[in-house]
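In: Have a look; sequence and predicted model below, questions after that.
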Amino acid sequence: MSDDSAVAVSTTTLSHDEERPTEATRLPFLYFFSNNNPSSSPPPPFLSIISSSSSSSSRHRHLSTATINEPPLSSSPSRTIPFLLADIGEGIAEVELLQWFISPGDHVNQFDRVCEVQSDKATVEITSRYDGVVESLSGSAGDMINVGSPLMYVRVEGGEGDDDENGDERAVTTMSNEDEEGGRLRIPVAAAEFAIEDGKGVEGGGGEGKQRVLTSPAVRKMAKENNIDLNSIVGTGPKQRILKGDLLTILNPNTINQKQHPTKGTPTVIAQPSSTAAAEQTPPAPIPIRGYNRLMIKTMTESLTIPHMTYADEIDFTNLHRTRQKINDALRTTTTDNLKLSYLPFAIKAASLSLNHHPTLNATLDLPNNTILPSPRHNIGIAMDTPRGLAVPVLKDVQHLSLLDIAAELKRLQAVAIENNLSSDDVSRATFSLSNIGAMGGTYMSPIVTPPQVAIGALGRVRRLPRFVGEESDEVRSVWIGTVSWGADHRVIDGGTLARFSNKWKEYMEDPCVMMTEMR
């Protein structure tokens with residue numbers, strides 16, 4: 001120990017057999033001071049004990065409370081802080097954790113990607129607000145995380161991440177040696193549940209040499225309930241992460257939740273797929289409702305309150321088929337971005353033009369005020385099939401877009417939807433919806449209105465079919481026929497209004513020249 005620092009210890013030994021006063025006595029236990037300035041008064045004690053006696057029969061027991069005056073946080077070489085899930089807007093209260101980009105023990109810097117989450121609106125990547133080392137993660141893929149709860153815990157250096165203006169005040173920790181059960185004296189323990197040893201996670205109280213395994217809290221709980229040592233299992237997940245299925249392959253379905261006692265020195269167990277016979281006896285695992293499926297359940301449940309009305313018709317796409325071919329031939333020679341028009345941009349633009357004539361289909365219902373609120377913007381949502389389920393990105397202000405603008409935006413939205421990178425703005429504020437179910441086959445369907453919208457359309461498959469030339473002629477010609485189905489909130493839209501809207505849309509689709517004369 002150097003000359004400029006010293007430790008003075010002052011204490012008094014207490015015997016249970018000696019008579020002691022009943023009043024509490026404060027005993028200075030440990031001081032830190034400097035020899036460089038012996039005249040200065042010593043600082044407050046690092047540890048002080050409040051001691052009082054209580055009698056039990058003819059013997060006295062001394063109950064002590066230790067108060068630890070910790071040094072300021074800023075003087076600590078490092079400390080662990082929680083990384084909280086911040087409010088991501090749009091009134092979101094919880095999100096689904098899709099994937100982690102980091103693991104315990106990794107070093108992260110500010111603005112590094114931490115994880116990817118999905119809300120009811122969009123998929124968002126969360127970035128780090130601190131520089132430090134990841135100590136533990138608070139969930140696994142598929143878990144629901146509430147806004148404001150910890151995503152992970154990060155060990156930072158010095159006072160980094162301390163937003164408390166009173167960060168220089170000394171923290172006080174109080175421990176008591178009185179056991180609440182039976183009033184017995186005990187030694188208070190202030191050891192953390194999770195410690196760091198040589199840069200690797202070690203389970204607190206789990207013995208020496210046990211490295212922290214990668215798994216979720218649910219799997220840890222299941223292993224604890226069945227007395228399974230996770231350190232004896234090699235997981236089948238990424239980076240040997242132990243999955244729930246790994247435990248199920250070890251446990252017999254009839255013995256789950258029953259206590260088992262593995263013998264000492266159990267060899268490492270590598271999870272293997274169950275046999276065919278066991279697979280036939282084991283019921284399929286429950287499928288958690290996550291991501292877009294969770295959102296679909298929520299919106300469709302709300303749709304049950306809407307009295308639906310449907311209307312369907314057949315459309316002659318022959319003229320549009322020829323026009324589309326000519327435009328695509330011209331695009332191949334005049335553009336270099338491989339842009340190509342399908343039937344969908346025409347259908348979207350025709351819907352926007354038809355909404356100009358029937359604005360009540362582009363409205364919301366305000367029941368508390370008993371009013372219908374038409375929207376000046378034609379924000380048309382397009383239902384898309386993605387690897388994670390149904391998504392409905394929104395084309396904004398279609399009334400101001402050309403056919404090529406619509407095609408380019410559709411191409412962008414389809415690309416980000418497949419990559420699961422739709423932003424909150426991409427999927428919000430729709431006023432009308434279209435489903436291109438015909439791209440997967442089928443003709444007619446009953447589309448369901450998504451509140452607060454009041455109308456939706458579904459396009460069927462376009463096919464080449466024979467049709468009579470006229471009602472009184474036996475001549476048959478080949479035509480391109482498609483179908484459309486409409487769904488509407490019957491509280492707002494009556495049958496006549498929906499039929500007139502459909503006929504106007506049909507006029508634009510069957511004669512593209514009429515559509516183009518009204519386009520701005």
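Out: Everything's here; your move.
In: Show the residue spans covered by the strands in the stretch 201-350 of the chain.
Out: For the stretch 201-350 of the chain, applying DSSP state E, counting those that start in this stretch gives strands covering 233-234, 269-270, 308-316.
In: What confidence value was assigned to Ser354?
Out: Here the pLDDT value assigned to Ser354 is 97.
In: Might you report the residue contacts of it?
Out: Contact analysis of Ser354 by Cβ atoms under 8 Å, 6 or more residues apart in numbering lists Leu361, Phe501, Lys504, Trp505, Tyr508. (Glycine included, C-beta is placed from N, CA and C.)
In: now with 7 Å?
Out: By Cβ atoms under 7 Å, 6 or more residues apart in numbering, the contact list for Ser354 reads Phe501, Lys504, Trp505, Tyr508.
In: Direction included, what does the helix or strand hosting Asp385 pair up with?
Out: Assigned by DSSP states H and E, Asp385 falls within strand 380-386. According to DSSP bridges, strand 380-386 has the following sheet partners: strand 389-391 (antiparallel), strand 394-395 (antiparallel), strand 432-435 (parallel).
In: could I get the last one in CSV with only the CA atoms?
Out: So the one you mean is strand 432-435. Below are the C-alpha coordinates for strand 432-435, written out as CSV (Å, rounded to 0.1, in the frame of the first residue of the first chain):
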residue,chain,number,x,y,z
PHE,A,432,-59.1,3.0,-49.4
SER,A,433,-57.7,-0.5,-50.1
LEU,A,434,-57.2,-2.9,-53.0
SER,A,435,-56.3,-6.6,-53.0
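In: next SSE after it?
Out: Per DSSP H and E, the helix or strand that comes after strand 432-435 is strand 455-459.
In: what's the neighbour count on Gly132?
Out: Neighbour count of Gly132, defined by other Cβ atoms under 10 Å: 23.
In: who does it bridge with?
Out: Under the criterion used (DSSP bridges), Gly132 bridges to Val108.
In: so it makes contact with Arg155?
Out: Yes. At 5.2 Å, Gly132 and Arg155 qualify as touching, with contact defined as Cβ atoms under 7 Å.
In: about what we covered before: please work out which of the strands paired with strand 380-386 is packed deepest.
Out: strand 432-435 (a mean of 23; mean count of other Cβ atoms under 10 Å).
In: what pLDDT, on average, does that strand get?
Out: 96.
In: ok, residues contacting it?
Out: 347-348, 351, 355, 361-362, 378, 380-383, 392, 447, 450, 453, 455-459.
In: 8 Å instead, please
Out: With contact meaning Cβ under 8 Å, 6+ apart, strand 432-435 is reached by 344, 347-348, 351, 355, 361-362, 378-383, 392, 445, 447, 450, 453, 455-459.
In: want to throw the strands of the stretch 201-350 of the chain into a markdown table with mean neighbour count and mean pLDDT?
Out: Converted to a markdown table, the strands of the stretch 201-350 of the chain look like this (neighbours: other Cβ atoms under 10 Å; pLDDT from 0 to 100):
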| stretch | mean neighbour count | mean pLDDT |
| --- | --- | --- |
| strand 233-234 | 18 | 82 |
| strand 269-270 | 14 | 50 |
| strand 308-316 | 17 | 96 |
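In: joint contacts of Gly132 and Arg155?
Out: Common neighbours of Gly132 and Arg155 (Cβ under 8 Å, 6+ apart) are Ser78.
In: Go through stretch 331-350 and flag the buried ones.
Out: Applying a neighbour-count criterion of 16 or more other Cβ atoms under 10 Å, one finds Leu331, Leu341, Tyr343, Leu344, Pro345, Phe346, Ala347, Ile348, Lys349, Ala350 buried in stretch 331-350.
In: for stretch 423-441, same thing?
Out: Within stretch 423-441, the residues that count as buried by 16+ other Cβ under 10 Å are 424, 426-428, 430-439.
In: Identify the farthest-apart pair in these.
Out: Ser424 and Gly438 (28.9 Å; Cβ to Cβ).
In: helices or strands up against the longest strand along the chain?
Out: Looking across the chain with DSSP state E, the single longest strand is strand 476-489. Applying 3 or more Cβ pairs under 8 Å, 6 or more residues apart in numbering; DSSP states H and E, we find strand 476-489 packed against strand 308-316, helix 318-334, strand 455-459, strand 463-468, helix 495-510.
In: Alpha carbons of the last one, in PDB - could you do that?
Out: As requested, C-alpha coordinates have been extracted for helix 495-510 and formatted as PDB (Å, rounded to 0.1, in the frame of the first residue of the first chain):
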ATOM      1  CA  GLY A 495     -76.000  -0.600 -52.800                       C
ATOM      2  CA  GLY A 496     -76.700   2.100 -55.400                       C
ATOM      3  CA  THR A 497     -73.600   4.100 -54.500                       C
ATOM      4  CA  LEU A 498     -71.300   1.100 -54.600                       C
ATOM      5  CA  ALA A 499     -72.800  -0.100 -58.000                       C
ATOM      6  CA  ARG A 500     -72.300   3.400 -59.500                       C
ATOM      7  CA  PHE A 501     -68.700   3.500 -58.200                       C
ATOM      8  CA  SER A 502     -68.000   0.100 -59.700                       C
ATOM      9  CA  ASN A 503     -69.500   1.000 -63.000                       C
ATOM     10  CA  LYS A 504     -67.300   4.100 -63.200                       C
ATOM     11  CA  TRP A 505     -64.200   2.100 -62.400                       C
ATOM     12  CA  LYS A 506     -65.300  -0.500 -65.000                       C
ATOM     13  CA  GLU A 507     -65.600   2.300 -67.600                       C
ATOM     14  CA  TYR A 508     -62.000   3.400 -67.000                       C
ATOM     15  CA  MET A 509     -60.600  -0.100 -67.100                       C
ATOM     16  CA  GLU A 510     -62.500  -1.100 -70.300                       C
END
